[in-house]
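K.L.:
I'd like to go over a predicted model; first the sequence, then the structure.
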Amino acid sequence: MTDKTHLVDAVTGHRRMRRLRKADWQRRMVQENRLTVDDLIWPIFVVPGSNILDPIAAMPGVYRMSVDKAVEAAKEAADLGIPALATFPNVEMALRDQTGSEVLKSNNLLNQVTAAIKKAVPNIGVITDVALDPFTSHGHDGILRDGEIVNDETVDQLVRAAIAQADAGSDIIAPSDMMDGRIGAIRRGLDAAGHQDVGIMSYATKFASCYYGPYREAISTSGLLKGDKKSYYIDPANGTEAVRDAALDVEEGADMLMVKPGLPYLDICWRLKDAFGLPVFAYQVSGEYSQIKAAAANGWIDGERAMLETLLCFKRAGCDGILTYFAPEVARLLAKQG
Ligand SMILES: NCC(=O)CCC(=O)O
């Protein structure tokens, strides 16, 4: 009885899982999920000026780009087959105020870059974030009054911002502010303004996470933010509350749902897909990106493999796509692999 194989066989009978793992050709035959370029949405950062590619220290390989450079990036993304970009502005400090009023301007930085990309590269989708944080002097996503983020007044402002974004050519509005009732209000506002075909990708479950740190550096809000966002983002401890929040967005007319951050919240991706069947996207946020880049730079992890594995795992968790700063890097790699 020294033959271990015999002992194992006696227990498992005819079931041997390793038969399906024995060779590359066999593994490829049974692979359940695949990452393709169609799964990628590339978030980009935009700054005023021209010919600017400003590296973001905490996000190696990611740049703040002027509008002309963002247009070049959009062309590259379209050539690589990336379906859509998500744009985030780093607004001049002098234009930020208590209510984020710059968000309403038809020619603000965000609307400028949308119009420029849609003109030069009409076949790439542009997703625009609706929230006040890049535009407020306090870094909160809503209007701050007497220490409170006031919900309904913020929603009115967001509806007008969404219409201005759609007027500029945005294909998909992505409200990331977590105010109550904003999806329904934005849907009604867009429809009334003749933008029935502009979709809504709701940041349905945005958690009060530490992983947004590098993003706040990228859009220069980290030094401004007073307090935290726990009165409107979801507690990382709460899964059922997240599903209830997403249910409201579905009822109010969201076309697509997003989970943010990504990797620590794969259970939420799965629960939303299972509960609603709508397209679900994960946002692999800045801290997740930086974590992989930093470990790879130290030689502690294989960065390329970590990038591919994390993105594939979003697919396994039920996601239809991923917003990721890795998008151009992974698209180039996938193109090379054929
Ligand atoms: N509203 C967009 C974000 O908050 C992005 C967060 C990140 O990448 O950390």
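P.N.:
Structure received.

K.L.:
from here on, just use CA atoms for contacts and neighbour counts.
P.N.:
Noted.

K.L.:
near the ligand, which residues of this protein are found?
P.N.:
When proximity is defined as CA under 6 Å from any ligand atom, the chain approaches the ligand at S176, Y211, Y212, Y215, V285, S286, G287.

K.L.:
make TSV from the residues you listed and add secondary structure to it.
P.N.:
As requested, the residues of the chain next to the ligand are exported to TSV (DSSP: H, G, I helix; E, B strand; the rest coil):
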residue	secondary structure
S176	coil
Y211	helix
Y212	helix
Y215	helix
V285	coil
S286	helix
G287	helix
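
K.L.:
and which of those is nearest to C313?
P.N.:
Among the residues of the chain next to the ligand, V285 lies closest to C313 (CA to CA), at 14.9 Å.

K.L.:
now, the most widely separated pair of the residues of the chain next to the ligand?
P.N.:
The widest separation within the residues of the chain next to the ligand (CA to CA) is 17.1 Å, between S176 and G287.

K.L.:
and those two? Which one has more around it.
P.N.:
The neighbour comparison of S176 against G287 (other CA atoms under 10 Å) goes to S176, with 23 against 19.

K.L.:
now that one: closest residue in space that isn't a chain neighbour?
P.N.:
Y203 (5.0 Å; CA to CA, 6 or more residues apart in numbering).

K.L.:
please apply the same query to T136.
P.N.:
G100 (4.3 Å).

K.L.:
and T221, what does it touch?
P.N.:
Residues in contact with T221 (CA atoms under 8 Å, 6 or more residues apart in numbering) are D133, P134, H138, G139.

K.L.:
tell me if it really is in a helix.
P.N.:
No - checked against three-state DSSP, T221 lies outside a helix; its state is coil.

K.L.:
quick check: it vs the ligand, distance?
P.N.:
11 Å (CA to the nearest ligand atom, to the nearest Å).

K.L.:
per-residue confidence at that residue?
P.N.:
pLDDT, T221: 87.

K.L.:
quick check, the residue nearest to T136 in contact with L132.
P.N.:
Yes - when contacts are counted by CA atoms under 8 Å, G100 is listed as touching L132 (5.6 Å).

K.L.:
what do the two both touch?
P.N.:
Contact criterion CA under 8 Å, 6+ apart; residues shared by G100 and L132: I143.

K.L.:
these two - which one has more neighbours?
P.N.:
Neighbour totals were compared for G100 and L132, and L132 leads with 30 against 25 (other CA under 10 Å).

K.L.:
how about that one: what's its closest non-neighbour residue?
P.N.:
L132's closest residue in space is D141 (CA to CA, 6+ apart), at 4.5 Å.

K.L.:
quick one: contacts for the one you found?
P.N.:
A131, L132, D133, D177.

K.L.:
relative to A161, how far out is it?
P.N.:
D141 sits 13 Å away from A161, going by CA to CA, to the nearest Å.

K.L.:
so what sits against both of these two?
P.N.:
By CA under 8 Å, 6+ apart, no residue touches both D141 and A161.
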